[in-house]
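>>> Okay, sequence plus prediction incoming.
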Amino acid sequence: MAENTAPVVPAHVVTSTESDPPLVPASGRARRKRTTLFVVGGATALALCIGGGGVALGAGIAAADHAASIAALNQSSLAQGGLGGYGSAQPGTFQQTAPFGGSAGTGTGTETATSTSATATAATDAQKLGVVTIVSDLYYSETSQAAGTGVVLTSSGQILTNNHVVEGATSIEVTIESTGDTFRADVVGTDATDDIAMLQLVTSSGKAVSGLTAAAIDDDTLAVGNAITSVGNAEGTGDLVAAAGTVTALDESITVGNEGTGTSESLTGLIQIDADVVSGDSGGPLVDAEGEVTGVVTAASSGTADITGFAIPIATAMTIAEQILAGDETGNVSIGAPAFLGVQLATTQGSVGVTLGGSIAGTPAAGAGLVAGDVITSVDGVAVTATDTLSASEVLSAAIAAHEVGDSVTLGYTTADGVASTVEVTLMAGPAA
C-alpha cells in the first residue's frame, strides 16, 4: 500500500513573540528520562533530566532566535506524543521523522478498518462537560506558551492530560470549558515515558477547587470499527471542537529515535483512529458512542484525506493517574516538580568544573550571586569532574537530580577572577519535566 506523506501534528501549540532566546534552566530529579541540550544566545542552557540508570541525553540544538529555540524544544520531545516533525502515516503503520536530529520511528497494529472521519465541528454543551483547555507558560517566558487539552477526573479539580502538554511549564492555566472558569494548576506528577500527567487545580487562595463536573469514564474494551469522537482545543484557540471517526486499529506501537544520541522511546498499546485530530487536541478525551471517555488523544498525522491519530487507552491512563495520585514514585512516575538550581551553562566547557553562562532571575543560582564566568567545582564537597562516561556538566546534573525540592546544597565555585568560594542554596521547584 502506498504511503501518504503528511506532517506529524505538533502535540501542543507553541507561540512566541520574543526576540531573545528562551531560558531553559538546569533542574533535576531521580528517574527523569531526558536531558536536552540547547545552544542559545551564546550560552548553553541545560534541562537536566536524569534517568534511573544514569543520564539520558537529548539532542543538541542550535537556534538563531527565540521562536526557533522553542520549536526545537518541542521537536526534541517527539517520542512523547508526536511533537512536531514530518513523516507519513497509513492505517496499521505510523512513521515520524523529526527535524533537529530526530530519526524515523515505525509502529504496527493488530487490526485495521476503513476510514470514516468527518470534518470537526464545534463541541456541544454535553461534549464540553468534564473537558478543560490548558495553556502553559514555558521556561519562565511569558510569551512562549503551549496549549492543549485535559480531562476532569474529580469534582475537586484533578486533571488528566498528556505529559508533553505541560512539559517545560513554569505556570499552567486551566479553563473549565463548561463554565468558563479559569484556575491555576499545579503538577501532581508525571510519567514522561507513557506521556501522562496529573494536575491539581487551585483557587486564587491556593486551595483545591470544588464542585466541578467530572468526565464519565468507560474502560470497556474497544473494537475496530467502533465510533469515537475526539474533543479538544484544536489549534490552541481555546474553543473546543469535536472530531468524529472510528477505531481503525488497536494495540499500536510508535517508536521514535534520536539521531543525535542513538536513543529511542516508545508508546505502546495505543488506539489508532481516523478522527480529524490536530495540534492542541493532545490530552483531550477520546469518547465512545455513549459520550464516555475511552482514551486520551496523544498524536496524529495531518495534511491528507486519510488522517491517522493515536490515543492512550483510558484504562492505561487511569492506572498511571492512580499511581501518581497515590504518590507512588516508582517505575516511570515522578511526583511533583524536579529540584531546580537555575543555571545556564557556557558553550565551552572543560573536564574539571562547570563554567556558567549565567543564571536565571528568581532562582537559587541567581539568589546566590552566581554569574557568567563562574565555575562550579563541587556539590556538597564532591568534586564536579568528568568521568569516563559523563561530562562535568552531566556530573553536576546528576548531583542536583539526587535532591528534592527544598533541599539545601553547598556549591563550591571559582569566580572568573580565580577566587574560590562556597555558597549554600535551597533548591526550588523547576519546570515540569
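Cool, got the structure.
>>> which regions of the stretch 251-400 of the chain sit below the pLDDT cut-off?
255-265, 301-305 (pLDDT under 70).
>>> Quick check: which element contains Ala366?
Using DSSP states H and E, Ala366 sits in helix 364-367.
>>> so what does that helix touch, helix or strand wise?
Packing partners of helix 364-367 (3 or more C-beta pairs under 8 Å, 6 or more residues apart in numbering; DSSP states H and E): strand 354-359, strand 420-426. Where C-beta positions appear, they are placed from N, C-alpha and C, glycine not excepted.
>>> any idea how the chain splits into domains?
27-64+337-429, 125-215 (automatic domain parsing).
>>> tell me the mean pLDDT over the last one?
To tie it back to what came earlier, the one meant is domain 125-215. Throughout domain 125-215, pLDDT has a mean value of 92.
>>> quick revisit: could you look over the domains of the chain and pick the most buried one?
Mean neighbour count (mean count of other C-beta atoms under 10 Å) peaks for domain 125-215 among the domains of the chain, with a mean of 22.
>>> Now the terminal residues of that one, how far apart.
13 Å (C-alpha to C-alpha, to the nearest Å).
>>> ok, Thr119 - contacts?
Ala243, Asp276 (C-beta atoms under 8 Å, 6 or more residues apart in numbering).
>>> Recalculate using a threshold of 10 Å.
Val241, Ala243, Ala244, Asp276 (C-beta atoms under 10 Å, 6 or more residues apart in numbering).
>>> ok, now Ala429?
Here Ala429 is in contact with 27, 29, 170, 186-187, 336-340, 404-406 (C-beta under 10 Å, 6+ apart).
>>> you'd agree Thr149 is up against Leu240?
Yes. Look at Thr149 against Leu240 with C-beta atoms under 10 Å: they come within range, at 7.7 Å.
>>> shared neighbours, the two?
Counting by C-beta under 10 Å, 6+ apart, the residues touching both Thr149 and Leu240 are Val131, Val132, Thr133, Glu177, Val231, Gly232, Asn233, Ala234, Gly280, Asp281, Gly284.
>>> Could you dump those residues into JSON lines with secondary structure and distance to Ile307 added?
Below are the shared contacts of Thr149 and Leu240 laid out as JSON lines (DSSP: H, G, I helix; E, B strand; the rest coil; distance: C-beta to C-beta, whole Å):
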{"residue": "Val131", "secondary structure": "strand", "distance to Ile307": "21"}
{"residue": "Val132", "secondary structure": "strand", "distance to Ile307": "24"}
{"residue": "Thr133", "secondary structure": "strand", "distance to Ile307": "21"}
{"residue": "Glu177", "secondary structure": "coil", "distance to Ile307": "23"}
{"residue": "Val231", "secondary structure": "strand", "distance to Ile307": "16"}
{"residue": "Gly232", "secondary structure": "strand", "distance to Ile307": "13"}
{"residue": "Asn233", "secondary structure": "coil", "distance to Ile307": "17"}
{"residue": "Ala234", "secondary structure": "helix", "distance to Ile307": "12"}
{"residue": "Gly280", "secondary structure": "coil", "distance to Ile307": "15"}
{"residue": "Asp281", "secondary structure": "coil", "distance to Ile307": "11"}
{"residue": "Gly284", "secondary structure": "coil", "distance to Ile307": "15"}
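>>> closest to Gly327 among those residues?
When the shared contacts of Thr149 and Leu240 are ranked by distance to Gly327 (C-beta to C-beta), Val132 comes first, at 22.9 Å.
>>> how much space between the residue nearest to the closest one when sequence neighbours are not counted and Val135?
Nearest non-adjacent residue to Val132, counting by C-beta to C-beta, 6 or more residues apart in numbering: Gly150, 4.5 Å away. Distance, Gly150 to Val135, by C-beta to C-beta, to the nearest Å: 11 Å.
>>> Please apply the same query to Ala346.
In terms of C-beta to C-beta, Ala346 sits 33 Å off from Val135.
>>> Whatever helix or strand comes next after the helix holding Ala366 vs strand 420-426, what angle?
Using DSSP H and E, the helix or strand that follows helix 364-367 in sequence is strand 375-379. Relative orientation of strand 375-379 versus strand 420-426 (axes from the mean of the first three to the mean of the last three C-alpha atoms, to 10 degrees): 60 degrees.
>>> relative to strand 354-359, how tilted is strand 375-379?
110 degrees.
>>> picking up where we left off before, need the shared contacts of Thr149 and Leu240 in JSON lines (columns: distance to Val419).
Formatted as JSON lines, these follow (distance: C-beta to C-beta, whole Å):
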{"residue": "Val131", "distance to Val419": "56"}
{"residue": "Val132", "distance to Val419": "51"}
{"residue": "Thr133", "distance to Val419": "51"}
{"residue": "Glu177", "distance to Val419": "56"}
{"residue": "Val231", "distance to Val419": "59"}
{"residue": "Gly232", "distance to Val419": "55"}
{"residue": "Asn233", "distance to Val419": "52"}
{"residue": "Ala234", "distance to Val419": "56"}
{"residue": "Gly280", "distance to Val419": "50"}
{"residue": "Asp281", "distance to Val419": "54"}
{"residue": "Gly284", "distance to Val419": "54"}
